[in-house]
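J.: Sequence plus predicted model, see below.
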Number of protein chains: 4
Amino acid sequence: MIKAGIIGSTGYAGAELVRLLLGHPEVEIVWYGSKSYIDKKYADVYGNMFRLVEDVCGDDNMEALSREADVIFTATPQGLCASLVGEEILSRAKIIDLSADFRIKDVAVYEKWYGITHPCPQFLPGAVYGLCEINREAIKNTRLLANPGCYPTCSTLTVYPLVKEGIVDTSTLIIDAKSGTSGAGRGAKVDNLYCEVNENMKAYGVATHRHTPEIEEQLSYAAQEPVLLSFTPHLAPMNRGILVTAYASLKESVSQEKIREIYEHYYRKEFFVRFLEPGVCPQTKWVEGSNYVDVNVQLDTRTNRVIMMGAMDNLVKGAAGQAVQNMNLMFGLPENMGLNLVPMFP
Amino acid sequence: MIKAGIIGSTGYAGAELVRLLLGHPEVEIVWYGSKSYIDKKYADVYGNMFRLVEDVCGDDNMEALSREADVIFTATPQGLCASLVGEEILSRAKIIDLSADFRIKDVAVYEKWYGITHPCPQFLPGAVYGLCEINREAIKNTRLLANPGCYPTCSTLTVYPLVKEGIVDTSTLIIDAKSGTSGAGRGAKVDNLYCEVNENMKAYGVATHRHTPEIEEQLSYAAQEPVLLSFTPHLAPMNRGILVTAYASLKESVSQEKIREIYEHYYRKEFFVRFLEPGVCPQTKWVEGSNYVDVNVQLDTRTNRVIMMGAMDNLVKGAAGQAVQNMNLMFGLPENMGLNLVPMFP
Amino acid sequence: MIKAGIIGSTGYAGAELVRLLLGHPEVEIVWYGSKSYIDKKYADVYGNMFRLVEDVCGDDNMEALSREADVIFTATPQGLCASLVGEEILSRAKIIDLSADFRIKDVAVYEKWYGITHPCPQFLPGAVYGLCEINREAIKNTRLLANPGCYPTCSTLTVYPLVKEGIVDTSTLIIDAKSGTSGAGRGAKVDNLYCEVNENMKAYGVATHRHTPEIEEQLSYAAQEPVLLSFTPHLAPMNRGILVTAYASLKESVSQEKIREIYEHYYRKEFFVRFLEPGVCPQTKWVEGSNYVDVNVQLDTRTNRVIMMGAMDNLVKGAAGQAVQNMNLMFGLPENMGLNLVPMFP
Amino acid sequence: MIKAGIIGSTGYAGAELVRLLLGHPEVEIVWYGSKSYIDKKYADVYGNMFRLVEDVCGDDNMEALSREADVIFTATPQGLCASLVGEEILSRAKIIDLSADFRIKDVAVYEKWYGITHPCPQFLPGAVYGLCEINREAIKNTRLLANPGCYPTCSTLTVYPLVKEGIVDTSTLIIDAKSGTSGAGRGAKVDNLYCEVNENMKAYGVATHRHTPEIEEQLSYAAQEPVLLSFTPHLAPMNRGILVTAYASLKESVSQEKIREIYEHYYRKEFFVRFLEPGVCPQTKWVEGSNYVDVNVQLDTRTNRVIMMGAMDNLVKGAAGQAVQNMNLMFGLPENMGLNLVPMFP
């Protein structure tokens, strides 16, 4: 059994990690770290865990935790993981960081978009960006994993095949994303109150959202040229789900069949990416609670553009599920162990 | 492997059966029966099942199905199962009927509340009412199981201990229930459109809802006297979940501690009933997607009443989950096999 | 023009007062009081008011306000209005208090349920409980008006006719209420976050909710005997609306027709109470945004009970709308001036 | 008093017309036309209208109606209005058509996108496209008004100033729109059931939505060159509201200040267009129930693009409200008469 500790287990992503790890046959959770609820029963913080988790919350002492755990998940605000991690800790336990601290290779970019000084840039070169479908081999051998952001996971997987194959002009790439409210976290803010979010839609972080450079970096690797794109997130009145609608102009005329072949080629063997049948639009509800990303693409010959769509559960494939998928790879387990989750509908 | 067939697999309860049985280690689904979608791919009817179910929908030929399946689930409108079942079929396969056809022992009561003639009353004596926590032993030996209604499951389990122990005056029993909209089914009706249900609450079937006699019958067995009660269902703007708030006057003064002891006594060993800590009100969200029923009770000395509360997922413990729980019992499997579902929050 | 000031204009009830008063032909708002947003533009606190309100928020200086305003609305937590009001202020301006401070005549009851010492019990005898349909004449002549609570308004109007006429046994009265989340206010609390409320239902304040004694007092006046009842509020996943389902046993056998006649008698001439046609259940959505209360009643001869139902918008008839209705009465204006609001559907 | 008749009064847009016209001081509704509910009481079809509308539904006999009414609103599926209208009718009553029949000047384009033969193309030249902020003068003098579609209204007003001024390269224009579900109408379809829409987001009509050519035509007039754009509508889990996020590349470098000046110039005097303060993103909830369109724009110098955002209530400014605004213009009334609706929040 793999002993797992969670720092930040009382946020929504942390709670989803608990849900998934409780169902994982090879994992035992040994540490429910929290900042706000230390010494409180975990099941008092999340009533759904009544009788399923008897533990009380611990703190975020990564040093102590690394002596008890084989793997440490950090589901915490940016800056925290990077301020706690160290060589000794990494020598004892593998780290899967759900924050942004090790996602962006260029320290200057990280510091500019996040507005903080990176506490330990020396670990950046060794960290691996955990988008399994793309970096699978590197993930297997790392001890410090940067779990991708929710928007970057959905955005990258939605557009990856055509960017990688050089079919689209990346300078025309526009990503319009809609997210459920769990992505905003469990902090007590007026903006996230029920009455403010319900029956409402809005964009936010227009032209400034921190996930932009992360998407750009990954797509730059794929395109083998610098990618600069427009990314606009929106808050939608639902708990879970991210829907990405992406637009790009074709470099040259390509048929709908050819485009579908490319997607098929990339995703045929991927367990967690479902390339939908022609004409079917991804729906966030079709993947809720599961680790799937549903993807489809539509050629528009009128405008010489492709419209690429992707849907996933932001807390699963966009956070905890992908973290478990990464853990499986890092520990030599079947990639989908504990993740055979059938989407719940309705 | 148990071969299972589902008649009515394209309704919400049927679809939930598919979700649960896909995760059951000892079951294989061999028949996706449907009335409206015969010959259509199941995954085209429920997009969440894309790549998980390759089958096409069959019809509702129970005779043919009984030659292929060990167990047949009928998730169909009242009257259908009773019109299809027969001695020969029952000799070949066990039947778990999610409709009301075999729930009520008194044919006259059934016919009065449901307004139809019972097609095969001769099977009623042999049918077992599948509320596992109460009829566990009888369930193990039946071949025709009447799966309880959603409201009756939640209502009965919420009030059972105090009724059984004779603590409350059953003539004062009032059950006020609130249900998510999946309970209304997938039929295309104006009343169930998004814009009609969203941001809305209403009672319906006031003093006339068909689940009333079912609850009364079960509580009459418990009380060992005829029980007549008020039951009012309400439609709530959410997909899943039933919340029951029940009221009854005490026969004589009892302490809160004593009342809690009684609930503890009845539910301590029950895997799927969680008796909450003092002062905690059940929330439907805390059980979503799982087979749990969360129950609690509050003594009000001012009015000499108890307020009893229960929450469950209407599609799981209120339909498909309980059906699987019954199947497990009927086939000698561990009662919770395939049902270790951690509630999803948020 | 009546000059109106609002203390507590940045809560949801205060904001609704602003919405209604902006549409009132005889009122001008001269003071947007706030505790949290002093000196901030009101339209920055409520974006819907952009270009409709140019003012900045003031404080809660009732003394200064009373020199500028003809009427002062206090939409503040309990205790504040009572601590600010005084003889001099009342000599200059009429007060309409949306908090609980002057609703309960018996100081001891107030102090017990609210857990605070009443700052000025000397004003209680002169205060009038502003349930217009019942206290219309007294309201016209008061200078200190206690605007009823949301639950008490809906509960009282729903059951009033049968209690007043002595048809029901008040010792059997049970009120099960469901409220939208705006009733919980705009405070930043985890419990009121979108993801906690959405897709969820729960009871709260079971047997202890502070609106209980307020309902009991009003019904005691009607019944001319002390009334003790069970009141259970529930939180529903919607912004607005309260639905009350009330149960009571009949003292003696009465026909459905007779019961309907009684309701007709009491409400025929009431502009804001709509007694629905036989068999129609009130829906909160049918009254959203308006000052109407929809009421209906169903006799259940099986159990010798009546089920009484009421629906209203908690922010309008349950708070701001009723406050304006009271203001109209206090200033000799037509009772429905500025309140001809057509319910918005969907 | 203007006598108004509504054909299609029992759809959501028709019902919103009823709501608005009931509050209009110069209008009397004389005809509640319906296809599905002929001879049924209107208040039985829309419970919110109980006691506010006593009429029963009539049919869609435009000929008869034109003898009773000064203005006829048609809130019906495409094709119906054009099949009913005629010279004689137009000589008696003004027509405001909320369907698409007279929106597109080029018959071939209409017939291609709508898949039907236009019944009376001879009236197209005389029909006026009723986007008041752009065609105000022409509207005043027409007798046949084509009320704009919901998406085209929000899309066009959101991007109009920069397109008109030639600031953006219209060949790069992408419009990503999100709509509440009332836009899908009140027809009983599985896709619009509560459980299918709730907690779900999806695109639909990708590259094929019928509002595309309507937007393109209007923007072509503005740009004085043919505009071809990508338009993608999405279904969002809310009753009302459309949010448009539009992207376009700048033709040449322009400052954020200059861009804001242009919007100010166009919308300063518009009563129903609110150009928001810098950095504020429009929210659909801020305009709910009102005739406002909230608009803002953000320059992204990194990508040399502008992101333009607009929010409105699809049933008001997107349908019934704009129809009333047009009626006011056509009858020489103040443009905002009956439309001083304060947005409802929450």
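T.: Arrived safely.
J.: For the closest residue to chain C within the stretch 201-346 of chain A, give me its contacts.
T.: The minimum distance from the stretch 201-346 of chain A to chain C, using CB to the nearest CB, falls at A:N239 (5.1 Å). Heads up, the C-betas are built off the backbone N, CA and C, glycines and all. A:N239 makes contact with A:180-182, B:346, C:194-195, C:198-199, D:199, according to CB atoms under 8 Å, 6 or more residues apart in numbering or on different chains.
J.: same deal with A:Y292?
T.: Contact analysis of A:Y292 by CB under 8 Å, 6+ apart lists A:272-274, A:312-313, A:317, A:343.
J.: which among the residues you listed gets closest to D:K164?
T.: A:M312 (39.2 Å; CB to CB).
J.: That closest one reaches A:T153, doesn't it?
T.: Yes - A:M312 is in contact with A:T153 according to CB atoms under 8 Å; the separation is 6.9 Å.
J.: Show the end-to-end separation of stretch A:67-85, please.
T.: 13 Å (CA to CA, to the nearest Å).
J.: And stretch A:268-285, by the same measure?
T.: End-to-end distance for stretch A:268-285: 22 Å, by CA to CA.
J.: still on that earlier bit, just the element for the closest residue in space to the residue of the stretch 201-346 of chain A closest to chain C that isn't next to it in sequence, please.
T.: Spatial nearest neighbour of A:N239, excluding adjacent residues (CB to CB, 6 or more residues apart in numbering or on different chains): B:P346 at 4.5 Å. For B:P346, there is no helix or strand it lies in under DSSP states H and E.
J.: Please apply the same query to A:P25.
T.: Taking DSSP H and E as the definition, one finds A:P25 inside no helix or strand.
J.: Could I get the contacting residues of it?
T.: A:337-338.
J.: What is the burial count for A:T10?
T.: By the measure other CB atoms under 10 Å in any protein chain shown, the count of residues near A:T10 is 22.
J.: Surely it is in a strand?
T.: No - A:T10: not assigned to a strand; according to DSSP: H, G, I helix; E, B strand; the rest coil it is coil.
J.: re the thing from before, contact partners for the residue nearest to A:N239?
T.: Contacts of B:P346 by CB under 8 Å, 6+ apart are A:12, A:182, A:239-240, B:285, C:195-196, C:198-199.
J.: coming back round to it: redo the contacts of A:Y292 as a markdown table? Include neighbour count, secondary structure and pLDDT.
T.: Shown next, in a markdown table, are the contacts of A:Y292 (neighbours: other CB atoms under 10 Å in any protein chain shown; DSSP: H, G, I helix; E, B strand; the rest coil; pLDDT from 0 to 100):
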| residue | neighbour count | secondary structure | pLDDT |
| --- | --- | --- | --- |
| A:F272 | 22 | coil | 98 |
| A:V273 | 23 | strand | 98 |
| A:R274 | 23 | strand | 98 |
| A:M312 | 33 | strand | 98 |
| A:D313 | 32 | coil | 98 |
| A:K317 | 28 | helix | 98 |
| A:P343 | 25 | coil | 98 |
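J.: From the residues you listed, pick the one nearest chain B.
T.: Nearest to chain B among the contacts of A:Y292, with distances taken as CB to the nearest CB, is A:P343, at 3.8 Å.
J.: The closest one contacts A:T284, correct?
T.: No - assessed by CB under 8 Å, A:P343 is found out of contact with A:T284, at 9.9 Å.
J.: Please state the mean pLDDT value computed over stretch A:68-83.
T.: Average pLDDT, stretch A:68-83: 96.
J.: Likewise for stretch A:292-300?
T.: Mean predicted confidence for stretch A:292-300 is 98.
J.: who touches both of A:M312 and A:T153?
T.: Contact criterion CB under 8 Å, 6+ apart; residues shared by A:M312 and A:T153: A:293, A:318.
J.: Could you list the residues of chain A in contact with chain C?
T.: By the rule CB under 8 Å from any CB of the partner chain, the part of chain A lying against chain C is A:12, A:181-182, A:186, A:188-190, A:192-199, A:237-239.
J.: Give the buried subset of those as a PyMOL selection command.
T.: Remark: buried members of these, expressed as a PyMOL selection using 16 or more other CB atoms under 10 Å in any protein chain shown:
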select buried, chain A and resi 12+181+182+186+192+193+194+195+196+197+198+199+237+238+239
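J.: where does the stretch 1-150 of chain A dip in pLDDT?
T.: For the stretch 1-150 of chain A, no stretch is flagged by pLDDT under 70.
J.: Tell me which stretches of the stretch 1-150 of chain A form helices.
T.: Using DSSP state H, counting those that start in this stretch, the helices found in the stretch 1-150 of chain A span residues A:12-22, A:42-45, A:62-68, A:80-84, A:87-92, A:107-114, A:132-140, A:150-164.
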